[in-house]
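Novice: predicted structure and sequence below. I'll ask about it afterward.
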Amino acid sequence: MGMRLLGATILLSLLDVLQAFAIEKKGDVFKKTACPAFLVFENVAYLADMTFELPCKCKPEEASSVVWYFQKNLHSHETTVLTDFNGTVIVDSKQVRAGSDLLKRFSIRLFSLIVFRAQVRDSGHYLCGTKEGLFFYGYDVDVQPTKKITVAFLDKDQHVQEDHKEKEFTLFTTFWDWTRCDRCGVRGEQRRIGLCYVQSPQLKPRYRTALPNVSSCGSRAVPKPFGRLIRLRSPEVAVRSCLAPCQQKEAPEEGVQSISNVVYKLGEKPELPRVPIQYHNQPPKTDLVISCPGARPEHAVAWDKGSVRLYRAHYLVGFRKDMRLFIDHGNHLHLQRLRRRDKATYFCWREGELVAGFQLTVTFEPRRQRSPSDPESIFVMRAVGISFAVIVGIFFLIHLSHCRAEVFRKLAKL
């Protein structure tokens, strides 16, 4: 018994040592990553409406917090400070809107800068440093627009863009991995995002990329004379069909199932919602945008209107010019100029799993029968009465003046 207690004590001591070693090792990351002697900028690219994170990859050991700075153009006098000088700014991503200012769409967590729903105007230089103005690390962020994005539906034998070669540079697309199938058990779709990149020996050396002489098309490393030609190429998205099985969920316990049977034994079981349902009333002829809970633009997201599948092959933004119902590249469902037939329950799939429902009701104000005692009715009757009296008075005045004129004319003849 004593040997077992001794062994257990030694084991717990070893676990404490290993845990302390792991904590020490984790906290030693910044010691191993030396800050560059000459500040360079790491080039990263994203699609508009995406949320991205920029880690401060190096800092002095004595620095307990960091300050993030944003400069649209290098050496510009206009610099935005993205912190409260404590490194603890927190933003609720559910409340972030695409049109809001950068200062309302960022957060700093564990020395990393998180920008929610990035916009094209957020492209520029991001610097990690101190409040005294000492910089440790820098990023060259390129947020590429989605307005003129090229879409290729592979099931329709459409193809992605070919590389564009010029004398001084080459334009090409770098694709991310295919997303998961956005639905399970039924036909779904996969999406692959491609961003524009340029290869040229004339890129500015202060900007660091994964490959030599390669940077994203909107990078500040690209010489200005190339800008006009590079704008001819846009990011692209490839879409294809897929079919994935659903993961089997655990069956309810025997007691829960028996209670359910007792509750509904008098009648047929109704079809209960399999996911949380949110109820919303919207007036007609207005626009509505629905977001899938917990989804980001890079996730695999699908939408259904009741039992109708809203596939991107038919409902992606830009597919037709007169579309009232469409899905944008940020995975939001848009309903424009709402009508009575838009009333339905819209279901959202995220990463191949049905996660939420949105029951929409288009509300029309009922016509109310007015009574004579209503203030509006009294006002109308009074206005009509006054107007009628004024008109009758004017008529009598005109008729009286005409009669007087006739009388004076007859007297003058006598």
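Specialist: Now that the structure is in, tell me what you want to look at.

Novice: now do the helices in the stretch 201-350 of the chain.
Specialist: Assigned by DSSP state H, counting those that start in this stretch, the helices in the stretch 201-350 of the chain fall at 227-230, 254-263, 312-315.

Novice: what is the longest helix seen in the chain packed up against?
Specialist: Secondary structure assigned by DSSP state H gives helix 375-413 as the longest helix of the chain. The contact analysis (3 or more Cβ pairs under 8 Å, 6 or more residues apart in numbering; DSSP states H and E) places helix 375-413 against no helix or strand. For the C-beta atoms, the positions are set from N, CA and C on the backbone; glycine is no exception.

Novice: lowest mean pLDDT across the helices of the stretch 201-350 of the chain, which one is that?
Specialist: Ranked on mean pLDDT, the bottom entry among the helices of the stretch 201-350 of the chain is helix 254-263, at a mean of 47.

Novice: what's the average pLDDT for the longest helix of the chain?
Specialist: Averaged across helix 375-413, the pLDDT comes to 83.

Novice: when you give positions from now on, start the count at 319
Specialist: Let's use 319 as the start, then, which means that last one is helix 693-731.

Novice: give the buried residues for stretch 556-564.
Specialist: Within stretch 556-564, the residues that count as buried by 16 or more other Cβ atoms under 10 Å are 556, 557, 558, 560, 562.

Novice: try stretch 508-524
Specialist: Residues of stretch 508-524 classed as buried: 508, 509, 510, 511, 512, 513, 514, 515, 516, 517, 518, 521 (neighbour count, 16+ other Cβ under 10 Å).

Novice: list the contacts for the first one?
Specialist: By Cβ atoms under 8 Å, 6 or more residues apart in numbering, the contact set of residue 508 is 496, 497, 498, 499, 500, 557, 558, 559, 560, 618.

Novice: closest one of those residues to residue 697?
Specialist: Ranked by distance to residue 697 (Cβ to Cβ), the contacts of residue 508 are led by residue 500 at 57.1 Å.

Novice: what helix or strand is the closest one located in?
Specialist: Assigned by DSSP states H and E, residue 500 belongs to no helix or strand.

Novice: pLDDT at it, what is it?
Specialist: 94.

Novice: just the ones of the buried residues of stretch 508-524 in strands?
Specialist: Mapping the buried residues of stretch 508-524 onto strands (DSSP state E) picks out 508, 509, 510, 511, 512, 513, 514, 515, 516, 517.

Novice: could I get those residues as TSV with pLDDT and distance to residue 380?
Specialist: Formatted as TSV, those follow (pLDDT from 0 to 100; distance: Cβ to Cβ, whole Å):
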residue	pLDDT	distance to residue 380
508	95	48
509	94	45
510	93	45
511	92	40
512	94	43
513	94	38
514	93	41
515	94	39
516	93	40
517	93	41
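
Novice: can you add distance to residue 386 and give those residues back as a markdown table?
Specialist: Shown next, in a markdown table, are these (distance: Cβ to Cβ, whole Å):
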| residue | distance to residue 386 |
| --- | --- |
| 508 | 35 |
| 509 | 31 |
| 510 | 31 |
| 511 | 26 |
| 512 | 29 |
| 513 | 23 |
| 514 | 26 |
| 515 | 26 |
| 516 | 27 |
| 517 | 30 |
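
Novice: of the residues you listed, which is the nearest to residue 668?
Specialist: Using Cβ to Cβ, these come closest to residue 668 at residue 509, 13.1 Å.

Novice: quick check: that closest one vs residue 651, distance?
Specialist: 15 Å (Cβ to Cβ, to the nearest Å).

Novice: kindly report the same for residue 539.
Specialist: Applying Cβ to Cβ to residue 539 and residue 651 gives a distance of 37 Å.

Novice: ok, residue 398 next?
Specialist: Taking Cβ to Cβ, one finds residue 398 at 33 Å from residue 651.

Novice: go on, residue 679?
Specialist: Counting by Cβ to Cβ - residue 679 and residue 651 are separated by 16 Å.

Novice: which of these two has more neighbours?
Specialist: Per other Cβ atoms under 10 Å, whichever of residue 679 and residue 651 has more neighbours is residue 651, with 22 against 11.

Novice: can you count the residues close to the nearest residue to the more buried one once chain neighbours are set aside?
Specialist: Nearest residue to residue 651, sequence neighbours excluded (Cβ to Cβ, 6 or more residues apart in numbering): residue 608, at 4.4 Å. When neighbours are defined as other Cβ under 10 Å, residue 608 has 17 of them.

Novice: hang on, residue 608 packs against residue 649?
Specialist: No: with contact defined as Cβ atoms under 8 Å, residue 608 does not reach residue 649; the gap is 10.1 Å.

Novice: okay, helices next: where are they in the stretch 319-468 of the chain?
Specialist: Using DSSP H, counting those that start in this stretch, helices in the stretch 319-468 of the chain cover 320-345, 347-350.

Novice: turn the contacts of residue 508 into a markdown table, columns for distance to residue 487.
Specialist: As requested, the contacts of residue 508 are arranged in a markdown table below (distance: Cβ to Cβ, whole Å):
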| residue | distance to residue 487 |
| --- | --- |
| 496 | 28 |
| 497 | 30 |
| 498 | 35 |
| 499 | 37 |
| 500 | 36 |
| 557 | 29 |
| 558 | 30 |
| 559 | 35 |
| 560 | 35 |
| 618 | 34 |
